[in-house]
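In: pasted the sequence and its predicted model underneath.
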Amino acid sequence: EVQLVESGGGLVQGGGSLRLSCTVAASVFNTFAIGWFRQAPGKGREQIACISPDDIAYIKDSVKGRFSISRDNVENTLYLQMNRLKPEETAVYHCATFDTTCPGILGSWGQGTRVTVSS
């Protein structure tokens with residue numbers, strides 16, 4: 001079973017920033033594309049960013065220029081830097097592996113970390 005552990009969520013005012021972290025076992029980190037999706041209350045999953053083992057990144061258009069994804073191959077940690085957050089981005093943010101392509105079919109994901117953006 002793949003374990004992904006997210007952290008870094010919280011309450012932030014609109015326009016503020018947060019950095020999310022996700023730790024993953026090294027064997028997974030170096031093999032699969034890995035990224036983030038979010039799920040707002042009553043809505044479906046939205047894939048927002050992911051990165052391949054060879055550092056090719058995808059950022060969803062709606063967050064491009066505000067969010068960035070990066071990976072630390074020594075610490076086996078994935079990051080999502082989120083700037084200029086909007087209230088409508090309130091959601092639970094999950095770290096996930098992708099079965100093949102990124103974005104694409106999700107493999108495993110963590111419990112998530114809640115992000116609340118106040119207006």
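Out: Thanks, I have it. Numbers count the residues shown, from 1 in each chain.
In: quick one, what contacts the residue nearest to Ala33 when sequence neighbours are not counted?
Out: Nearest non-adjacent residue to Ala33, counting by CB to CB, 6 or more residues apart in numbering: Cys102, 3.4 Å away. Backbone N, C-alpha and C define where each C-beta goes, glycine included. Residues near Cys102 by CB atoms under 8 Å, 6 or more residues apart in numbering: Ala33, Ile34, Gly35, Cys50, Ile51, Ser52, Ile56, Tyr58.
In: 6 Å - rerun?
Out: Shown in contact with Cys102 (CB atoms under 6 Å, 6 or more residues apart in numbering): Ala33, Gly35, Cys50, Ser52, Tyr58.
In: tell me how far it lies from Arg84.
Out: To Arg84, Cys102 is 24 Å away according to CB to CB, to the nearest Å.
In: who wins for most neighbours among the contacts of Cys102?
Out: Highest neighbour count within the contacts of Cys102, by other CB atoms under 10 Å: Gly35, with 30 neighbours.
In: before we move on, the earlier item: just the contacts of Cys102: which are in helices?
Out: Members of those lying in helices (criterion: DSSP state H): none.
In: and stretch 65-80, what's buried?
Out: Within stretch 65-80, the residues that count as buried by 16 or more other CB atoms under 10 Å are Phe67, Ser68, Ile69, Arg71, Asn76, Thr77, Leu78, Tyr79, Leu80.
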